[in-house]
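Engineer: sharing a sequence plus its predicted fold:
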Amino acid sequence: MKKHPNLTLAAILFVAVAIGSIQGQRLDRLFEAEAFLQWIAAAGANERLDMDETEATVDLELYGQVAGATETLFAAKLPEGSIEEGHSALSAALETGEYDDEIYRMVKSDELAPMREDFLSKLREGELRYTQNLSYAAVMSGLEGKGSVSIFNLFFGFRKVAANFVWLQVDRYWHAGLLHRMIPLMKTCVLLDPNFVDAYLLGAWHLGYNVTANLDYTPYPLRQWSEKHQACLGDQETYYYIAVDFLKDGIRNNPRNYKIYFDLGYSMYREKLKDPENAVKYLTYAVRLPHERWVPRMLYISLEENGQYEKALEGWQENLKRFENHEVSLRFVQRLNGLIAERKSEEAKQAARAASDPSEKEAHMADYRKYTAEAMEIWNGMSEPYSEARKLRLEAIDRADQGYYLEAVSLLDKARFDAGSLFEEFSDLIIEFKLVGDLPLSVSERKQMIREEESVMCQGMPESVRDERLAALEAERAVRH
Amino acid sequence: MSAAVDYFRGPWHIAVFTWREGIRKKTLVGFLILSLLVIFASFFMSSFLNQTTGGGQVETEIDGKLIKDICVATISIFGMLITIFISASVVPNEVENKVVYTVLSKPVRRMQYLLGKFLGVQMIVLANLALMTALFLIAIYVRQDEFPKLLLWSALLTYFEFLVVSAFTFAISCSATSAVLPTIGGLFIYLIGNLTEYLKDVSLRSDEADFVNALIGNVASALHKTLPNLQKFSIKTEILDLNPGAPLPAHVYEQIPNLIIYGLAYAVSGYVIAYWVFRRKEL
């Protein structure tokens, strides 16, 4: 140092810069691995939830390769029954976070190196779709493609603050009634901060509830067929599905947040799209993640609506164990027992109708009477409009079986106004009895039948889909009659 | 051992003196008060959200997020300004006041003097950062009733980002006679440090068939590999989105020590340049 101070200082400087440079490149590799990991998490959530993405074929193909390479490892580690049919072990391993460290090790390993390189090259070329959450890691390692100007750099790392201010503007637009201006800003907001969960939730709420509040109902013949959603969309439905897609993006970017699954399942599929099957699917995932205590109850309600009475009953009984003498749980347990008995009685009646052997027929009829009595006893034990209406329904069916259709209709007419939640179900039953009993239909009932027929067709619907749906409607009517 | 203690005694006294002098600077106190005010004001930011989201019709956690994001940004911006101002002024001010002549006439080497000054700067930066982080911790704790331990990791990484800027600003200040040029230089270092990634973009866009184009591309690539990239520290904001109750994910756990070494390597580079300049300075 004393003899050659300049040389020594130059050497120290060189070493320090070299360490910094090597370390910088090492960090780049780590950021690349993180980007790959985040993409796998998004693609895994997509596979787990069967979220159809026709535009994401490149993602699906690459994810298939990664899942294939890790299948043996995770299939051996995961508990039996945790991998759903048709899904990869990797997507099951990604669900809870228990295997995150292991997945990260795999992501960095030589075994996945060719796929990682493939991912990086596809990312640079902009071919991948599930990359919204990668901006941070991707830009760190120059992965956002040639000539791209990263929004991440534009805000000097303060893009989350920028997202907050964009959200304040969304809120202002909402209060000013400028709904059409909100959508692009909401998308900008989550682009700036893909982990802004409340932006997804409130954005979807605005789209699904507030924007559609002033829109009129679109009759089916005027609706447009959507290939992506396999549904007929009117003005309201278009916004519902924008909200659904928005929440699905939220799930891909935040696959461990129960709130987005809950809002998608309950607020959108159950409340707006009247699709209990999808409601059950997303609420089931919400319950698997850390959640608030009211979330499972919404799942049980959706299970009941989807006709899965036994599963719903199990859920409410479980809830009752956790919260002793919980009044709502008690009521739902009784109600589900009644519904299960009713279903058994109907199944017995159908079996009796189908049976040709008189003794077999009699046995089924005995079952029918037994289950009907059981259901009646349960409804008698409850004292609320719902149970009273169910009792009237049983009586109406009994009258109809004896050929007194007019009486049956008048009983159901009273019952449907006693319990509002049963209005649609009982109205359909009234139409059914009137048709079987050859009674005249009212104007609204005729309209309902026309609506039912129209609901299977809309503009732009492929003929194959239309025929399929018409056949399903005919089959359903045949069973009812 | 005692030789080492003797060697560092001088720098330590200088560091303490620098610290005492630094905390009396009105500009720095002004910045600190301003930053504390902004952090405190972040409590009320959610009132900008009308009834839809601000505790009216829908229950959300947006105000908690607002506090977090605004506080992290405030700490970064004001912390960086404090770092640049203090790093830019300690040496030029002493040269201007001629205090440096008195100090160097004592048995204190230039290396010791500079080390003391640099340590003093770091003490001031750390104290400011600790104060701002403490208020931020309180803000989050009051809002969420949960100790935000992830914030401590964020503050640690923020410090190493400051350290890199501080070292290079300090290097510029050693060649200057007033604090103005190093302050402007420090701001440019911060800006350039955040835009280093564009050099990679330049190298990717260069056409290898054309000699000049390829040359520019290679120079940009070399600069990208050697210059510090402050965007790498942006993980400090991402950390706050993680689940505070869960352990740090493996990838974050691996990035943090690597970022610390990265920051230290460039801080040493900055300090060596500072000494190189200062030892040749005519005093």
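Structural biologist: Cool, the structure landed. As the structure is a computational prediction, the values presented were derived from the model and not from experiment.
Engineer: show me what counts as buried in the helix or strand containing residue B:118.
Structural biologist: Here residue B:118, judged by DSSP states H and E, is contained in helix B:110-144. Buried residues in helix B:110-144, counted by 16 or more other CB atoms under 10 Å in any protein chain shown: B:110, B:112-125, B:128-129, B:132-133, B:135-137, B:139-140, B:143. Every residue, glycine included, has its C-beta placed from N, CA and C.
Engineer: now swap in stretch A:413-429 and tell me
Structural biologist: A:415, A:416, A:419, A:422, A:426, A:427, A:428, A:429.
Engineer: also stretch A:300-317?
Structural biologist: Per 16+ other CB under 10 Å, stretch A:300-317 contains these buried residues: A:300-306, A:308-309, A:311-313, A:315-316.
Engineer: identify the residues contacting that stretch?
Structural biologist: Applying CB atoms under 8 Å, 6 or more residues apart in numbering or on different chains, the external contacts of stretch A:300-317 come out as A:265-266, A:270, A:276-277, A:279-280, A:283, A:296, A:299, A:319, A:329, A:332-333, A:336-337, A:339-340, A:343.
Engineer: please convert the buried members of these into ChimeraX selection syntax.
Structural biologist: To isolate the buried members of the contacts of stretch A:300-317 in ChimeraX, using 16+ other CB under 10 Å:
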select /A:265,266,270,276,279,280,283,296,299,319,329,332,333,336,337,339,340
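Engineer: can you list the low-confidence ranges for the stretch 51-200 of chain B?
Structural biologist: Where the stretch 51-200 of chain B drops to pLDDT under 70, the residues are B:51-60.
Engineer: how about the helices in it?
Structural biologist: B:62-97, B:99-104, B:110-144, B:150-173, B:180-195, B:197-205 (DSSP state H, counting those that start in this stretch).
Engineer: any chance of these in a markdown table, with distance to residue A:399 too?
Structural biologist: Output for the helices of the stretch 51-200 of chain B, formatted as a markdown table (distance: least, CB to CB, whole Å):
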| stretch | distance to residue A:399 |
| --- | --- |
| helix B:62-97 | 56 |
| helix B:99-104 | 107 |
| helix B:110-144 | 60 |
| helix B:150-173 | 67 |
| helix B:180-195 | 79 |
| helix B:197-205 | 78 |
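Engineer: any idea which of these gets closest to residue A:25?
Structural biologist: Nearest to residue A:25, of all those, is helix B:197-205, at 11.4 Å by CB to CB.
Engineer: could you check the angle helix B:150-173 makes with the helix ranked longest in chain A?
Structural biologist: Looking across chain A with DSSP state H, the single longest helix is helix A:5-48. Orientation check (axes from the mean of the first three to the mean of the last three CA atoms, to 10 degrees): helix A:5-48 against helix B:150-173 gives 150 degrees.
Engineer: how about helix A:5-48, does it reach chain B?
Structural biologist: Yes: for helix A:5-48, a contact with chain B is found by CB under 8 Å from any CB of the partner chain, at A:5-6, A:9, A:12-13, A:16-17, A:19-21, A:23-27, A:30-31, A:33-34, A:37.
Engineer: which of those are buried?
Structural biologist: A:9, A:12-13, A:16-17, A:19-21, A:23-24, A:27, A:30-31, A:33-34, A:37.
Engineer: which residue comes closest to the residue nearest the centre of chain A once chain neighbours are left out?
Structural biologist: Central residue of chain A (CA atoms, centre = their mean): residue A:282, 3.7 Å from the mean position. In this structure, residue A:282 finds its nearest non-sequential neighbour in residue A:265, 3.1 Å apart by CB to CB, 6 or more residues apart in numbering or on different chains.
Engineer: my read is the one you found is in a strand, agree?
Structural biologist: No: according to DSSP: H, G, I helix; E, B strand; the rest coil, residue A:265 belongs to no strand; its state is helix.
Engineer: doesn't residue A:278 make contact with it?
Structural biologist: Yes: under the criterion of CB atoms under 8 Å, residue A:265 makes contact with residue A:278 at 7.0 Å.
Engineer: ramachandran angles for residue A:459?
Structural biologist: The phi/psi pair for residue A:459 (degrees, to the nearest 10) reads phi -70, psi 130.
Engineer: distance-wise, check the spatially closest residue to it that is not a sequence neighbour relative to residue A:233.
Structural biologist: Distance criterion CB to CB, 6+ apart; nearest residue to residue A:459, sequence neighbours excluded, is residue A:224 at 5.3 Å. Counting by CB to CB, to the nearest Å, the separation of residue A:224 from residue A:233 is 6 Å.
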